[in-house]
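**Student:** Kindly return the folded structure for what I paste below:
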Amino acid sequence: MKKINTKRLAVTLVGILTFSCQKEFTSDLKTEITTSTEETMDQIPRLENPYSVKNMRIAMESLVNKIFADMVLHRRGNRY
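**Tutor:** Numbers count the residues shown, from 1 in each chain. Presented below is the predicted three-dimensional model:
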């Protein structure tokens, strides 16, 4: 019975020591990944907001022109 308890204690200690070392390594890795991600984000140009008022007006104008063109073609009897 004493041998089993000693083995369990040894396995538990090895597990705890292994886990505690991995935790430090993971935190260093997270810091490195965060830093490299921030550097990469600085290099990427920012995109224009597709839902801005300017873009919505352009889209509306495009739709109105398309509808108007369809109405003109329909009145002439031309269908694409």
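**Student:** sec struct for P50, please.
**Tutor:** Recorded secondary structure, P50: coil (DSSP: H, G, I helix; E, B strand; the rest coil).
**Student:** Neighbours of it, how many?
**Tutor:** Applying other Cβ atoms under 10 Å, we find 8 residues neighbouring P50. Just so you know, the C-beta spots here come from the backbone N, C-alpha and C atoms, and that holds for glycine as well.
**Student:** where's it relative to D70, distance?
**Tutor:** From P50 across to D70, the span is 25 Å (Cβ to Cβ, to the nearest Å).
**Student:** Quick one: low-confidence residue ranges for the protein.
**Tutor:** Low-confidence segments of the chain, defined by pLDDT under 70: 1-3, 19-39, 77-80.
**Student:** Show me how the record splits it into domains.
**Tutor:** Domains of the chain are assigned by automatic domain parsing as 1-46, 47-80.
**Student:** which residues of this structure fall in helices?
**Tutor:** Secondary structure of the chain (DSSP state H): helices at 2-43, 53-76.
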